[in-house]
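In: would you be able to build a 3D model of this:
(chains A and B)
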Amino acid sequence: MGKRAAALVGMTEWAPQRTWPEPMFGMEACAVLAAEALADAGIEKDAVDGLVCGGLSDSPMFSPLALAEYLGIRSHFNETVDIGGASAAGMVWRAAAAIEVGMCETVLVLVPSTPSPVESGGAGQKMALPPYLGGDAWGSPQGQFDIPFGLVAATPAFAMVAHRYMQEFGVAPETLAKIAVMERDNALKNPMAVFRDKPITVEDVLASPIIADPIHLLEMVMPCWGGGAVVVTTPERAARLPHRPVFLAGYGEYVSHKTVSYMPRLTETPAKPAADQAFAMAGARRDSIDVASFYDCFTITVLLTIEDAGFAKKGQGGRFVDEHDLRFGGDWPLNTHGGQLGMGQGGAAGGLSHVLDSMRQIQGRAGEVQLAKADRAYVTGVGGLMASHVGLVLEGA
Amino acid sequence: MRIEQPYAENGRPVPRRTPTSAPWLDAAREGRLRIQRCPRDGFFYYPRNRCPVCLGADWAWEDVSGRGTLYSWTVDRVGHDPAQRSQVPLVVAIVELEEGPRLTSRIVGCAPEDVSIGMPLEVCFEDLGRETLVHFKPRGR
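Out: Okay, the predicted model is just below:
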């Protein structure tokens, strides 16, 4: 049995959308997310004494300070997390750790990703990450040694990982495509998924345009607006609340670079050291997991996570995917919410969707995709150019 | 969001030099590939003020062979950087130098369908006016 020092007790999640009907600033979105997540948890706002958020569009500096003021919260723990797509998962364990060491008792983890209003209305803006990912600042190595050569955005970097993996270990394009197809099947049951009414086949994936060789359009997430929040509190308080407490039994995190070119080895990802840390802390074996919810910006990310997080031997990830049914009714359910590939990537909240997917399963509120047994989950977050990784072992009380 | 990346006259992105990276860019302008070498930990790339292994300051610049092999690659088919849309299909690469370090570069003089991991490469240079870029092409071609 792993740690029992902090539990996830409430949540909210907004359906990812390509355009957002009512633009709002980051702190405005936080206020709505906070109200919804606290109502779900059954906790009064006055009990909150910790805040974790990402960068806020309307307060990019000193974000937690501005947020405490805006929400009217007096807070002992104030944090922003900036590790790319792994940030949301990284926020969750930081909240749990702060509770465990006694800094605070109840933390709001807020992940807004809505477009700011603009004078012309702003409702039609499409979500798109800036392609330079902050690397254009003067003095940034990325702006000097990567961007001028065409290495920008995420897709070319993950494509180079995929090519190197194909060279060293080999994997059929059909196997990678199967990951997108299985996730899409799960998304068909998720009313919040952007692709909820569009089943796809392996042939569809392989016939979709190549965006950066060898990655096809249907192996990539659809960038969307969105938002999500989760409430983390002490086991004592959690025991008095309506939902089954979900303990952070173990967690790990690992970073060694930002840009893929400087990864020590392109086919060995930070998933391994992060998972080793998380499972050791949880005192859990890989085969004791009932639910897997893996960050899936691209199909290759899922394949490498399966291997490097220790669910298949190195080089055997393709065979693992071939041999298992990854759908919610299958023998190795993965991303029962449809993943970000099926649901759409609601900005930074896309990373939180994996936490919430597992939380819903463990709390028995996953609706049509509910698994018969869901007591322990492994959740991952991936950020940067295959650069940061967070692993969370979640356990129901 | 305000973009700070500098662009050449033809609109393509170029490095904005710093005191640390200037010797690398100056060498490129003269048609040479020059990288830093730490007396304990060997060559490293990209230019830094300290060795990324020992954080020592007693490194020195050295001209290197310019020979390497292709470690991995992709072809940008859509122009992920709007400023490079005129360049697609653009072969983006990680090159492993004979001296050890890997660097981000671009493969030129080779059709995308002829690119393969492990292919021998040699350095070449593209003068964009404002700065000169370090590219690679198939060796001996």
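
In: mind pulling up the pLDDT for the residue most central in space within chain A?
Out: In chain A, the C-alpha nearest the mean C-alpha coordinate belongs to residue A:351, at 1.8 Å (Cα atoms, centre = their mean). Note on residue A:351: pLDDT of 98.

In: does chain B sit close to stretch A:302-310?
Out: No - Stretch A:302-310 is not in contact with chain B by Cβ under 8 Å from any Cβ of the partner chain; minimum separation 13.8 Å. The way it works is simple: take the backbone N, C-alpha and C, and place the C-beta from them, glycine included.

In: circling back: show me what contacts the residue nearest to the centre of chain A?
Out: A:85-89, A:111, A:295, A:381, A:383 (Cβ atoms under 8 Å, 6 or more residues apart in numbering or on different chains).

In: buried ones among those?
Out: Taking 16 or more other Cβ atoms under 10 Å in any protein chain shown as the criterion, what is buried in the contacts of residue A:351 is A:85-89, A:111, A:295, A:381, A:383.

In: quick revisit: the residue nearest to the centre of chain A belongs to a helix?
Out: Yes - assessed with DSSP: H, G, I helix; E, B strand; the rest coil, residue A:351 lies in a helix.

In: skipping adjacent residues, who's closest to it in space?
Out: Distances taken as Cβ to Cβ, 6 or more residues apart in numbering or on different chains place residue A:88 nearest to residue A:351, at 3.6 Å, with adjacent residues excluded.

In: mind listing what the one you found touches?
Out: If you count contacts by Cβ under 8 Å, 6+ apart, residue A:88 has them with A:54, A:81, A:109, A:111, A:228, A:348-352, A:355, A:381.

In: what helix or strand is it on?
Out: Assigned by DSSP states H and E, residue A:88 falls within helix A:87-100.

In: do a quick rundown of the helices in the stretch 1-150 of chain A.
Out: A:26-41, A:63-71, A:87-100, A:141-145 (DSSP state H, counting those that start in this stretch).

In: buried stuff in the strand ranked longest in chain B?
Out: Counting residues, the longest strand in chain B under DSSP state E turns out to be strand B:67-76. Within strand B:67-76, the residues that count as buried by 16+ other Cβ under 10 Å are B:67-68, B:70-76.

In: next secondary structure after it?
Out: strand B:90-97.

In: what about the helix or strand that that next one is followed by, near chain A?
Out: Sequence-wise, the next helix or strand downstream of strand B:90-97 (DSSP H and E) is strand B:102-106. Yes - shown here: strand B:102-106 in contact with chain A (Cβ under 8 Å from any Cβ) through B:102-106.

In: now strand B:102-106: average pLDDT?
Out: Strand B:102-106 comes out with an average pLDDT of 98.

In: which residues are contacting that strand?
Out: A:145-146, A:149-151, A:259, A:261-262, B:45-46, B:71, B:90-97, B:133-136.

In: low-confidence ranges, the chain, go.
Out: Defaulting to chain A. Low-confidence segments of chain A (pLDDT under 70): A:119-123.

In: actually, chain B is the one I wanted.
Out: Chain B contains residues with pLDDT under 70 at B:1.

In: show me what the closest residue to residue A:148 other than its chain neighbours is bridged to.
Out: Excluding the flanking residues, the one nearest residue A:148 by Cβ to Cβ, 6+ apart is residue B:13, at 4.9 Å. Beta bridges link residue B:13 to residue B:7, judged by DSSP bridges.

In: let me know whether residue B:13 touches residue B:82 as I believe.
Out: No - between residue B:13 and residue B:82 there is no contact under Cβ atoms under 8 Å: 10.1 Å.

In: the two: who's more crowded?
Out: With neighbours defined as other Cβ atoms under 10 Å in any protein chain shown, residue B:13 and residue B:82 compare such that residue B:13 has more, 25 against 9.

In: how close does the more buried one get to residue B:95?
Out: According to Cβ to Cβ, to the nearest Å, residue B:13 stands 19 Å off from residue B:95.

In: can you check residue A:379 too?
Out: As judged by Cβ to Cβ, residue A:379 and residue B:95 stand 36 Å apart.

In: then residue A:374?
Out: Distance, residue A:374 to residue B:95, using Cβ to Cβ: 47 Å.

In: neighbour count winner among the two?
Out: Each of residue A:374 and residue B:95 has its neighbours counted (other Cβ under 10 Å); residue B:95 has more, 27 against 22.

In: before we move on, back to that, the longest strand of chain B close to chain A?
Out: Yes - interface with chain A: strand B:67-76 contributes B:71-76 (Cβ under 8 Å from any Cβ).

In: for the one helix or strand residue A:236 maps to, packing partners?
Out: Using DSSP H and E, residue A:236 sits within helix A:235-238. With contacts taken as 3 or more Cβ pairs under 8 Å, 6 or more residues apart in numbering or on different chains; DSSP states H and E, helix A:235-238 sits against strand A:7-17.

In: give me the helices and strands touching the strand it packs on, please.
Out: helix A:26-41, strand A:223-233, helix A:235-238, strand A:246-255, strand A:345-346, helix A:349-362.

In: so for residue A:198, which of the ones you listed sits nearest?
Out: strand A:223-233 (14.7 Å; Cβ to Cβ).

In: got the angle for that closest one vs helix A:349-362?
Out: Taking axes from the mean of the first three to the mean of the last three Cα atoms, to 10 degrees, strand A:223-233 and helix A:349-362 form an angle of 50 degrees between their directions.

In: quick one: is strand A:223-233 near chain B?
Out: No - under the criterion of Cβ under 8 Å from any Cβ, chain B is not reached by strand A:223-233; the shortest gap measures 12.6 Å.

In: partners of that strand in the sheet?
Out: Sheet pairing of strand A:223-233 (DSSP bridges) gives strand A:7-17 (antiparallel), strand A:106-113 (antiparallel), strand A:345-346 (parallel).

In: pull the distance from that strand to the chain's centre.
Out: 10 Å (Cα atoms, centre = their mean, to the nearest Å).

In: let's see it as CSV, backbone CA atoms only.
Out: Extracted C-alpha coordinates of strand A:223-233, given in CSV (Å, rounded to 0.1, in the frame of the first residue of the first chain):
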residue,chain,number,x,y,z
PRO,A,223,-5.6,21.7,-30.2
CYS,A,224,-8.6,23.0,-28.3
TRP,A,225,-9.6,25.4,-25.5
GLY,A,226,-10.7,23.9,-22.3
GLY,A,227,-10.3,23.8,-18.5
GLY,A,228,-10.2,21.6,-15.5
ALA,A,229,-9.7,21.6,-11.8
VAL,A,230,-9.2,19.2,-8.9
VAL,A,231,-9.4,19.5,-5.1
VAL,A,232,-6.8,17.8,-3.0
THR,A,233,-7.2,17.5,0.8
